[in-house]
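*Asks:* Next input, structure requested:
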Amino acid sequence: MPNILNEAIHAEYESVFTEELDALVVQPVGMSVEDVNDLRSKLREADLEMRVVKNSLVARILGQHGFDGASAVLAGPSAMILAKGEGVDGAAIMAAKVVTKWRKENKAELPTIKGGIMEHRVLGESEAAVLEKMPGKAELQATIVAQILAPGRKLAAQLTSVGGKLASQIKTHIENQEKAG
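*Replies:* Residues are numbered from 1 along each chain as shown. So this is what the prediction gives:
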């Protein structure tokens, strides 16, 4: 029979781990308290939070939401880095960037990236490890918009340059006519 604490944890996990989940799974065991606090403060600056989770319960809830393979990523000690609020797009990518940068700055090997959950699928360790090199959602959208607008800008520049040259030649012709006449 489940106790009150387990029911409360289950209810919280149900509200957090939904179909819209975007998270990075790390293994923080072995980090000092100072390092964990420092990493958490860096994550907070990016509107992210790190939660140490009960693997079996999270795997069961994720399985109910269609995330097959979550138990493999959650094997062993795990913490999930999630968006704190609604304002973070691509929390897994942002978390991977923050963790990797923090590890480089502190010359640390921990936390190790174990996997992630993004775009309705579970990412393995190798897939999650390359997330830090990916552009975020806003960067991708800006790149796409720039690529869409580039041909129009080039065409407009070419049309205005020809028109400008023609206007300049007409003006010069008029000035020459005025001087001659």
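
*Asks:* Could you use CA atoms for every contact and neighbour count after this?
*Replies:* Noted.

*Asks:* in the top strand by length along the chain, what's buried?
*Replies:* Determined from DSSP state E, the single longest strand within the chain is strand 112-118. For strand 112-118, a neighbour-count test (16 or more other CA atoms under 10 Å) marks 112, 113, 114, 115, 116, 117, 118 as buried.

*Asks:* I'd say the second one and residue 26 touch.
*Replies:* Yes - with contact defined as CA atoms under 8 Å, residue 113 and residue 26 form a contacting pair (4.5 Å).

*Asks:* domain parsing for the protein?
*Replies:* Listed by automatic domain parsing, the domain ranges of the chain are 4-134, 136-181.

*Asks:* now, of those, which is deepest in the fold?
*Replies:* domain 4-134 (a mean of 18; mean count of other CA atoms under 10 Å).

*Asks:* average model confidence for it?
*Replies:* For domain 4-134, mean pLDDT is 91.

*Asks:* How about stretch 143-151?
*Replies:* Averaging pLDDT along stretch 143-151 gives 89.

*Asks:* One more: stretch 154-171?
*Replies:* 81.

*Asks:* now it: how far from the chain's centre is it?
*Replies:* The chain centroid and the centroid of stretch 154-171 are separated by 43 Å under CA atoms, centre = their mean, to the nearest Å.

*Asks:* Can I get it as CSV, trimmed to CA atoms?
*Replies:* This file holds the C-alpha atoms of stretch 154-171, laid out as CSV (Å, rounded to 0.1, in the frame of the first residue of the first chain):
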residue,chain,number,x,y,z
LYS,A,154,19.3,40.8,-53.0
LEU,A,155,16.6,41.5,-55.6
ALA,A,156,15.6,44.8,-53.9
ALA,A,157,19.3,45.8,-53.7
GLN,A,158,19.8,45.1,-57.4
LEU,A,159,16.7,46.9,-58.5
THR,A,160,17.5,50.0,-56.4
SER,A,161,21.1,50.1,-57.6
VAL,A,162,20.0,50.1,-61.2
GLY,A,163,17.4,52.7,-60.5
GLY,A,164,19.9,54.8,-58.6
LYS,A,165,22.4,54.7,-61.5
LEU,A,166,19.6,55.6,-64.0
ALA,A,167,18.5,58.5,-61.8
SER,A,168,22.1,59.7,-61.4
GLN,A,169,22.6,59.6,-65.2
ILE,A,170,19.3,61.5,-65.8
LYS,A,171,20.3,64.1,-63.3
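
*Asks:* Understood, closing this out.
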